[in-house]
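# okay, structure incoming, though there's no sequence with it:
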């Protein structure tokens, strides 16, 4: 038997009926956040990248993202670092050291402005 006022009984039923949204089962990392941010940038553009959109894509709360990334500026810097690192690895992989250094010294990597953030890199 439930004891309480009608208000308390109504509140108790509402609490039981309320379901939580799905949460991610794996651990969240800065790398996973940056990868998801790059996916959003590639697919939907800079205007679509918000912490709310990022939290929805990662099935987490925005507070969890702020634990790893200070702000949007930090997120863009990390995404840029990630993309540049991928391009540099691609440039250096399989190259003779002398050619790799020459390529980087001569301006190394040019990205087409129309290409997605994560791809479309070309070499001189």
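Perfect, I can see it now. Quantities reported herein were computed from a predicted structural model and do not represent experimental measurements. Numbering: from 1, shown residues only.
# quick one: the helices in the protein?
Here the chain has its helices, by DSSP state H, at 6-17, 30-44, 51-58, 62-68, 72-92, 97-105.
# mind listing what's buried in the second one?
This means helix 30-44. Buried residues in helix 30-44, counted by 16 or more other CB atoms under 10 Å: 33-34, 36-41. (Glycine included, C-beta is placed from N, CA and C.)
# and the angle for that helix with helix 72-92?
Angle, helix 30-44 to helix 72-92, by axes from the mean of the first three to the mean of the last three CA atoms, to 10 degrees: 90 degrees.
# packing partners for helix 30-44?
Under the contact criterion of 3 or more CB pairs under 8 Å, 6 or more residues apart in numbering; DSSP states H and E, helix 30-44 touches helix 51-58, helix 62-68, helix 72-92.
# mind putting those into JSON lines with mean pLDDT?
Below are these laid out as JSON lines (pLDDT from 0 to 100):
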{"stretch": "helix 51-58", "mean pLDDT": "96"}
{"stretch": "helix 62-68", "mean pLDDT": "94"}
{"stretch": "helix 72-92", "mean pLDDT": "89"}
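# quick one: closest of the ones you listed to residue 99.
helix 72-92 (9.5 Å; CB to CB).
# what's the angle from the closest one to helix 97-105?
Using the same axes, to 10 degrees: helix 72-92 against helix 97-105 is 140 degrees.
# tilt between helix 72-92 and helix 51-58?
Using the same axes, to 10 degrees: helix 72-92 against helix 51-58 is 50 degrees.
# low-confidence ranges, the chain, go.
The chain contains residues with pLDDT under 70 at 1-25, 106-124.
# one more pass at 80, please.
The chain contains residues with pLDDT under 80 at 1-26, 87, 90-92, 102-124.
# burial of residue 81, as a residue count?
11 (other CB atoms under 10 Å).
# sorry, wrong one. I was asking about residue 78.
Close neighbours of residue 78, defined as other CB under 10 Å, add up to 19.
# can you give me every residue that contacts the nearest residue to it once chain neighbours are set aside?
Residue nearest to residue 78 in three dimensions, not counting chain neighbours: residue 34, with 4.8 Å by CB to CB, 6 or more residues apart in numbering. Counting by CB atoms under 8 Å, 6 or more residues apart in numbering, residue 34 touches 75, 78-79, 82.
# thanks again, I'm all set now.
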